[in-house]
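K.L.:
Build me a model from this:
(chains A and B)
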Protein chains: 2
Amino acid sequence: MPIFQRDGVTTVLRRSAEYEPRRSWRTWLIGRPLRTADAPHQTIGKTIGLAVFASDALSSTAYATDEILFVLAAVGTAAFVYASPISLAIVALLAIVTVSYEQTIHAYPGGGGAYIVARDNLGELPAQTAGAALLTDYILTVSVSVASGVAQITSAYPSLFPYRVPISVGLVLFIMVINLRGVKESGGIFAIPTYFFLAMMFLTVGSGLTQYLTGGLGIVVDPPHLPREPFMQSVTLFLVLHAFSNGTTALTGVEAISNGITAFKEPRSRNAGITLIWMSAILGTLFLSITFLAVKIGAIPSEAETVISQLARTAYGGRGLLYLATIAGTTLILIMAANTSFADFPRLSALLAADGFLPRQLTYRGSRLVYSRGIATLALIASLLIVLFGASVTALIPLYAIGVFLSFTLSQAGMARRWWKVGQLALGKEIRERGSTLRYEPRWALKMMINGCGAFCTAVVMLIFTTTKFRDGAWIVILLMPILVAVFFSIHYHYRDLAARLSLERYGAPPRVSRHRVILPVSGVHRGTLAALRYARCLSDDITAVHICTDPAEVERLNRKWESWGDGIRLVVLDSPYRLFLEPLVAYIEEIAAQRQPNETITIVVPQFVPRHWWHNLAHSQAAMMLRMVLMFKPGIVITNVPYQLDNWPATSEGQDSP
Amino acid sequence: MPIFQRDGVTTVLRRSAEYEPRRSWRTWLIGRPLRTADAPHQTIGKTIGLAVFASDALSSTAYATDEILFVLAAVGTAAFVYASPISLAIVALLAIVTVSYEQTIHAYPGGGGAYIVARDNLGELPAQTAGAALLTDYILTVSVSVASGVAQITSAYPSLFPYRVPISVGLVLFIMVINLRGVKESGGIFAIPTYFFLAMMFLTVGSGLTQYLTGGLGIVVDPPHLPREPFMQSVTLFLVLHAFSNGTTALTGVEAISNGITAFKEPRSRNAGITLIWMSAILGTLFLSITFLAVKIGAIPSEAETVISQLARTAYGGRGLLYLATIAGTTLILIMAANTSFADFPRLSALLAADGFLPRQLTYRGSRLVYSRGIATLALIASLLIVLFGASVTALIPLYAIGVFLSFTLSQAGMARRWWKVGQLALGKEIRERGSTLRYEPRWALKMMINGCGAFCTAVVMLIFTTTKFRDGAWIVILLMPILVAVFFSIHYHYRDLAARLSLERYGAPPRVSRHRVILPVSGVHRGTLAALRYARCLSDDITAVHICTDPAEVERLNRKWESWGDGIRLVVLDSPYRLFLEPLVAYIEEIAAQRQPNETITIVVPQFVPRHWWHNLAHSQAAMMLRMVLMFKPGIVITNVPYQLDNWPATSEGQDSP
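P.N.:
You can find the predicted model right below:
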């Protein structure tokens, strides 16, 4: 027990008797509490790293093709020939974004999410915008991935289709509980579903391509119906752009590695960078192949059966074991993708909260060392979205990916500005920088060009996005984003204002209390009253007892009792012709408070009955609690409840007074 | 301002600045508050008295016939010939009950409800049983009457049938608001619907009987379908008894006058007694005629159309103005009947509460001098029943009337016992009597016989009731009754125990507090902390500040600040390896409490941030409130929140510490 002793102030540091948290249904559900010191410090290699961080990005191959075909279906299946060129354009965009992020990874070895990059290089407003965009998209990732995972299940087992909303919500809650337990990111367990998915997808795609090349690829047997009749005559530019922007959902999750660089083994940036390139290569290959094959086999986009399901049963010639394994792998990776958001959302919201832009409670790590409140918030909002949109991926997609591209743009723009500042350094100019991690780097102009190009491309895609999908639901996100940013800033100003008002800078020592008045509301004279009176006595000698009289017949009796038991204390009886209790008492207290001198404190001592069982409260009025709620907002008045628990008092005889 | 001054104790009686309640949506809804002194003291004559107290009883003619036919329909319409003899038996029962109650009215001029009669003559257990029975039945009266009133409306306007549940609940809430406003019972406004109903019923029945005697009575045109196919071969005794017990619902409400004797003009008992006889005569006549005519016109019991509706459109030859007036009158009287319960239930529950068998809050009269909480409780439970039973009168009926007959039996048995005691008086024996209103009366033996006969008959009916309707739902009430009585007594024992423990009899003056320890939890050092510290200073010199350390890096910084601002007070730092706040603090306080000396008091002074707007609370942890909830149940510990409202403090500069 170390003891600091300085200037007469003794500080004792105690280990608090090693307080061990109790076991309860919570420990059963989420595991025994962990000490702060138990926080894991493990790092992972490239193979596990790919599995952990790529699940979000790779899983988008499960729905990106469907979403392109859904748009083209407005003209009819003939328009599906546009799907492959559109996919090529998306893969080109992916290449640009990958190269751009590669630079971020090397520039921010400590983790370079869009929020941090924007905060360091662009300022608070872009940073908060990136934060709002990312948080929105993490929520949508959960909703879209889980809905899409359930769509895979209902493709294989159509009888489950009517139950897709409860199944989806159940899955979200399951992932929530897993995350409340605290999943070690470094766990090799993450690798299994990811590599299983990759194996099954390459098998499916490979088998399909082989059949295509040998001329043996069939078309989908018994394909689902088109969701609606074609209503357009010809393919328009708008339609192609719409399909393109729908398809860019394939890029969601690409930023995950740049957030999690610290989890990699040294040399961190190098390992993370190589993993990013591998991930993009796999993603691009898979996405292109799936789109190409989907068109060849005549797959039809449908809520009832996913393109992956149609492709797998065509490639494998029916709903056999390999088909089911493909569906299972796809479902697993989608749930893993949702799980990624459960790691990212709480961490980012804790970051924002630590900067004072979200409620501070989000920085609190729960008993399992995870940001429990962030996890619960995410599960709640994602479930709500699933219910609202009926677990339909196509309905959710227009909301999705805007946030991703907004954060892409801000992140790349931040990087470009960073290189510009590096260039200024090179030109000998002084730079005021927040983190001051800035040092001269060669080829800054090329790097600025690359990131600038990335920012430009993603900005253009975002514009296409908002234009083509505005009416389908994108407007919700576009409306939500400034509202969120405004809320973030108002929270920030609240905390700043608070800190300034509470600050002790230029603050004189508070004057001593010169007068302490105690007011003691009395409903009857009994042992509870006397306990409160006794307590009031040890606070001050300036005590006034107050009785609210709703029944004049009672006053004389109370007076007589007070004479015997009141210890000489003045009793004020307030007449209450309207049988109100709180209002006249509060009016009286306010009158007293208005007359008080400087440095006078008023304490209201309220006897409060504490029943043995909570439901005994039903037999008692909650006047003490009500009084507290009303007086809370009056400055300079302190309310003290003196509880009387009857278990300690023996019954003497049958009395008449009860509260 | 009268001042009592005795023995150094000054009592000041203040008129509380004539506190005038504020206007709000409540005053708009239920009217401006009334003073206690404004309680009305008006009395009514026989004509108004009949209208006020007879609506409940008379309204049962609207459904009693239907309920007899519903049971007989099990054999088929041929069994309907039994309806008239069954009705005759019920009217005979009515005569017995009336004569029996006539005696109660004269014996209890101050109001002789079953509860009071049972309490005075039979003891606490029968009294509470009567109380439970009556309260249950008042609730059912509301549900049944409103459901039946709405059934009349949907008979006239079948398109409203699907909306009968919301319409019924809406009506209950409407009646609730009217009663929260406080209806003057003596208001002549009550007379209008009752006499309108009587006029319309006598016109319908008269017209029907005239047509029957002149041979011009037709049969129902386009009658509703039988609710189900006849499934019995012949009429059994059980069936007849079942139909009889269903029909006895006609007797519900007969006791109303005996409850309300005080509302009558002098000579009270005589006026009330005459009104009772008139009421029974009208009730008997109407009920007999309706049943007789219903069988003659071939009326079919149905949820879709009431017998009254079928009778009215047959008598008037269609759905004309007179038909609609009959339906309107019936609906009105049914709603009036529900209204009667809204007068009786709160009054009886206040009576039980005053005797300590129900929560005391039920004795509190609201701003309009009515027992608001009883009114709200009644509306809530009655609405719940309507929703649960889908506003079906036939589904609710098996629950109904058991309570009424139980209270009839108890009330008549109480009267019989009373006459027996009067007889003992006559024989010169000493009687110990609660109210001691007992005096010798001639012909006590005859009166005892009459009341005894009433008790016997109603007890037999009750038995028939429970036997024939047990499976239909009567078991719910039979199960509920002992539970309610048990709850009443447990409330009573709770209050008695409380009063005994709080009693000052044989209680020495409490010892003075000899030591006052103050514990001051500190999360950071800021103006809020200093305000709490300043307050703690004025309580005691024995102060310990406690900091829960979840982040060891913070401790050194806190220590330095405490040196400057801590006023020399000892600071204990508790290490919290599990990042918990409440648990280590509570463990520490309990440790201190365990070591305390006799007459030592411990006060926890908690700085509590009070935000400007309630939603600012979302940005702050509610640790102060949680601490209060946890420590509330620990004896001898007082928790004081020192609120700090920031509006009073100017911001000095941007600080770093915020709570």
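
K.L.:
okay, CA-based contacts and neighbour counts for the rest of this
P.N.:
Will do.

K.L.:
right, and A:Phe190 touches A:Leu50 too?
P.N.:
No: between A:Phe190 and A:Leu50 there is no contact under CA atoms under 8 Å: 9.7 Å.

K.L.:
which stretch of helix or strand covers the residue lying farthest from the centre of chain A?
P.N.:
No residue in chain A has its C-alpha farther from the mean C-alpha position than A:Arg560, which lies at 61.9 Å (CA atoms, centre = their mean). Here A:Arg560 sits within helix A:552-565, counting by DSSP states H and E.

K.L.:
Just the buried residues of that helix, please?
P.N.:
Buried residues in helix A:552-565, counted by 16 or more other CA atoms under 10 Å in any protein chain shown: A:Val555, A:Leu558, A:Asn559, A:Trp562, A:Glu563, A:Trp565.

K.L.:
Serialize those residues to JSON lines and add fields for distance to chain B.
P.N.:
As requested, the buried residues of helix A:552-565 are exported to JSON lines (distance: CA to the nearest CA, whole Å):
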{"residue": "A:Val555", "distance to chain B": "9"}
{"residue": "A:Leu558", "distance to chain B": "10"}
{"residue": "A:Asn559", "distance to chain B": "7"}
{"residue": "A:Trp562", "distance to chain B": "8"}
{"residue": "A:Glu563", "distance to chain B": "6"}
{"residue": "A:Trp565", "distance to chain B": "8"}
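
K.L.:
Check those residues and tell me the two furthest apart.
P.N.:
Taking CA to CA as the measure, these span a maximum distance of 15.0 Å, between A:Val555 and A:Trp565.

K.L.:
quick revisit: could the buried residues of helix A:552-565 be laid out in TSV, adding distance to B:Ala147?
P.N.:
Output for those, formatted as TSV (distance: CA to CA, whole Å):
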residue	distance to B:Ala147
A:Val555	47
A:Leu558	49
A:Asn559	52
A:Trp562	54
A:Glu563	57
A:Trp565	56
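
K.L.:
Need the mean per-residue confidence for stretch A:607-619.
P.N.:
Averaged over stretch A:607-619, pLDDT sits at 71.

K.L.:
Actually, stretch A:622-641.
P.N.:
79.

K.L.:
Now do the end-to-end distance for that stretch.
P.N.:
Using CA to CA, to the nearest Å, the end-to-end distance of stretch A:622-641 comes to 12 Å.

K.L.:
Flag every buried residue along it.
P.N.:
Quick answer for stretch A:622-641 (16+ other CA under 10 Å): A:Ala624, A:Leu627, A:Arg628, A:Leu631, A:Met632, A:Pro635, A:Gly636, A:Ile637, A:Val638, A:Ile639, A:Thr640, A:Asn641.

K.L.:
Isn't the fourth one up against A:Ile637?
P.N.:
Yes: A:Leu631 is within contact range of A:Ile637, at 7.3 Å (criterion: CA under 8 Å).

K.L.:
circling back: in helices, which of the buried residues of stretch A:622-641 fall?
P.N.:
Of the positions in the buried residues of stretch A:622-641, A:Ala624, A:Leu627, A:Arg628, A:Leu631 sit in helices, assigned by DSSP state H.

K.L.:
I'd like the C-alpha coordinates of the strand of greatest length in chain A written as CSV, please.
P.N.:
Determined from DSSP state E, the single longest strand within chain A is strand A:600-610. Extracted as CSV, the C-alpha positions of strand A:600-610 are listed here (Å, rounded to 0.1, in the frame of the first residue of the first chain):
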residue,chain,number,x,y,z
GLU,A,600,-25.7,30.4,2.9
THR,A,601,-26.5,26.8,2.1
ILE,A,602,-29.9,25.2,2.4
THR,A,603,-30.3,21.5,3.0
ILE,A,604,-33.7,19.8,2.8
VAL,A,605,-33.6,16.7,5.1
VAL,A,606,-36.3,14.3,3.9
PRO,A,607,-37.1,11.1,5.9
GLN,A,608,-37.4,8.4,3.4
PHE,A,609,-38.9,5.0,4.0
VAL,A,610,-36.9,2.1,2.6
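
K.L.:
any idea how far the residue of the stretch 251-400 of chain A found nearest chain B lies from A:Leu384?
P.N.:
Closest residue of the stretch 251-400 of chain A to chain B, CA to the nearest CA: A:Pro359 (4.4 Å). Applying CA to CA, the value for A:Pro359 to A:Leu384 is 21 Å.

K.L.:
ok, the two, which is more surrounded?
P.N.:
Neighbours were counted for A:Pro359 and for A:Leu384 using other CA atoms under 10 Å in any protein chain shown; A:Pro359 has more, 23 against 14.

K.L.:
quick one, phi/psi of the more buried one?
P.N.:
The phi/psi pair for A:Pro359 (degrees, to the nearest 10) reads phi -50, psi 130.

K.L.:
Now A:His547: phi and psi?
P.N.:
phi -120, psi 130.

K.L.:
what's the neighbour count on it?
P.N.:
Neighbours around A:His547, by other CA under 10 Å: 24.

K.L.:
If it is in a bridge, with which residues?
P.N.:
A:Val573 (DSSP bridges).

K.L.:
so how many other residues sit close to A:Glu229?
P.N.:
11.

K.L.:
now stretch A:483-499, how far from the chain's geometric center?
P.N.:
Put simply, stretch A:483-499 sits 17 Å off its chain's centre (CA atoms, centre = their mean, to the nearest Å).

K.L.:
I meant stretch A:72-89, not that one.
P.N.:
36 Å.

K.L.:
Tell me the gap between stretch A:448-463 and the middle of its chain.
P.N.:
Distance, stretch centre to chain centre, for stretch A:448-463: 28 Å (CA atoms, centre = their mean).

K.L.:
send the alpha carbons of it over as PDB?
P.N.:
Taking C-alpha atoms only, stretch A:448-463 is exported to PDB below (Å, rounded to 0.1, in the frame of the first residue of the first chain):
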ATOM      1  CA  MET A 448       0.400  13.500 -54.000                       C
ATOM      2  CA  MET A 449      -0.700  12.800 -57.500                       C
ATOM      3  CA  ILE A 450      -1.600   9.200 -56.800                       C
ATOM      4  CA  ASN A 451      -3.600  10.100 -53.700                       C
ATOM      5  CA  GLY A 452      -5.100  13.100 -55.400                       C
ATOM      6  CA  CYS A 453      -6.200  10.800 -58.300                       C
ATOM      7  CA  GLY A 454      -7.700   8.400 -55.800                       C
ATOM      8  CA  ALA A 455      -9.600  11.200 -54.100                       C
ATOM      9  CA  PHE A 456     -10.800  12.500 -57.400                       C
ATOM     10  CA  CYS A 457     -12.000   9.200 -58.700                       C
ATOM     11  CA  THR A 458     -13.800   8.200 -55.500                       C
ATOM     12  CA  ALA A 459     -15.400  11.700 -55.400                       C
ATOM     13  CA  VAL A 460     -16.700  11.300 -58.900                       C
ATOM     14  CA  VAL A 461     -18.100   7.800 -58.000                       C
ATOM     15  CA  MET A 462     -19.800   9.400 -55.000                       C
ATOM     16  CA  LEU A 463     -21.400  12.000 -57.200                       C
END
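
K.L.:
Nice, that's everything, thank you.
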